[in-house]
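Engineer: Structure, please.
(chains A and B)
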Amino acid sequence: AQSVTQLDSQVPVFEEAPVELRCNYSSSVSVYLFWYVQYPNQGLQLLLKYLSGSTLVKGINGFEAEFNKSQTSFHLRKPSVHISDTAEYFCAVNGGFKTIFGAGTRLFVKA
Amino acid sequence: DGGITQSPKYLFRKEGQNVTLSCEQNLNHDAMYWYRQDPGQGLRLIYYSQIVNDFQKGDIAEGYSVSREKKESFPLTVTSAQKNPTAFYLCASSTQANTEAFFGQGTRLTVV
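Structural biologist: Next up, the predicted model:
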């Protein structure tokens, strides 16, 4: 069985500050890992994905994530956030036919 | 443009009525999914389909039904047996079962 834990339900941060959204997963098989972003009343949009290869993955909008197999983590980072990054972010894991999502982290960027 | 279309965006129904949510994709994807989203709970899988005329229950299938008669379409029926149907419903599709999912814009169902 697989599971995903997003360690922070809300993350407030000032504009132009760095941010890290934390994600831990558990799985008995090799997995694919994803981060999605959701703006209010919309569907989810893929930010980035880890399938194999380099453990540092770069995505859209300046976000990146690092896969750490020993710590079973896949934390999302951005060196300088903008007001427009205010949204909910979901970490997800897929090791078969189902994608399991975390509960989400609401990022709130303040001016 | 290719994508996934969910309709309607907002839906109101009286308690005890069945309601069907539409999901259509023109991405030529084999796999399609329905998720339910409630505040603070992330996305929970209701049903998924890997191929036409075949579908499997997800984690919270009780009170829901689906069909997959065409590759492009995967409608979800919320039946009167679903005890708490008010939620945001998201449809998604993917090329294979373990690749990234493409999502529709969602349907917000309110049962009064």
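
Engineer: my guess is A:Leu48 meets A:Trp35, correct?
Structural biologist: Yes: the pair A:Leu48 / A:Trp35 is scored as a contact, 5.4 Å apart, by C-beta atoms under 8 Å. Every C-beta, even on glycine, is put in place using the N, C-alpha and C of the backbone.

Engineer: who's more crowded, the two?
Structural biologist: Between A:Leu48 and A:Trp35, A:Trp35 has the larger neighbour count (other C-beta atoms under 10 Å in any protein chain shown), namely 26 against 20.

Engineer: Next, the more buried one: secondary structure please.
Structural biologist: Three-state call for A:Trp35 (DSSP: H, G, I helix; E, B strand; the rest coil): strand.

Engineer: Any idea how many residues pack against the spatially closest residue to it that is not a sequence neighbour?
Structural biologist: By the measure of C-beta to C-beta, 6 or more residues apart in numbering or on different chains, the closest residue to A:Trp35 outside its immediate chain neighbours is A:Leu47, 4.3 Å from it. Using other C-beta under 10 Å, A:Leu47 has 22 other residues around it.

Engineer: Am I right that A:Asn61 is in a helix?
Structural biologist: Yes: according to three-state DSSP, A:Asn61 belongs to a helix.

Engineer: State the distance from it to chain B.
Structural biologist: Distance, A:Asn61 to chain B, using C-beta to the nearest C-beta, to the nearest Å: 16 Å.

Engineer: Contact residues of chain A facing chain B?
Structural biologist: Within chain A, the positions lying close to chain B (C-beta under 8 Å from any C-beta of the partner chain) are A:4, A:6, A:9, A:32, A:34, A:36, A:41-46, A:49, A:90, A:94-104.
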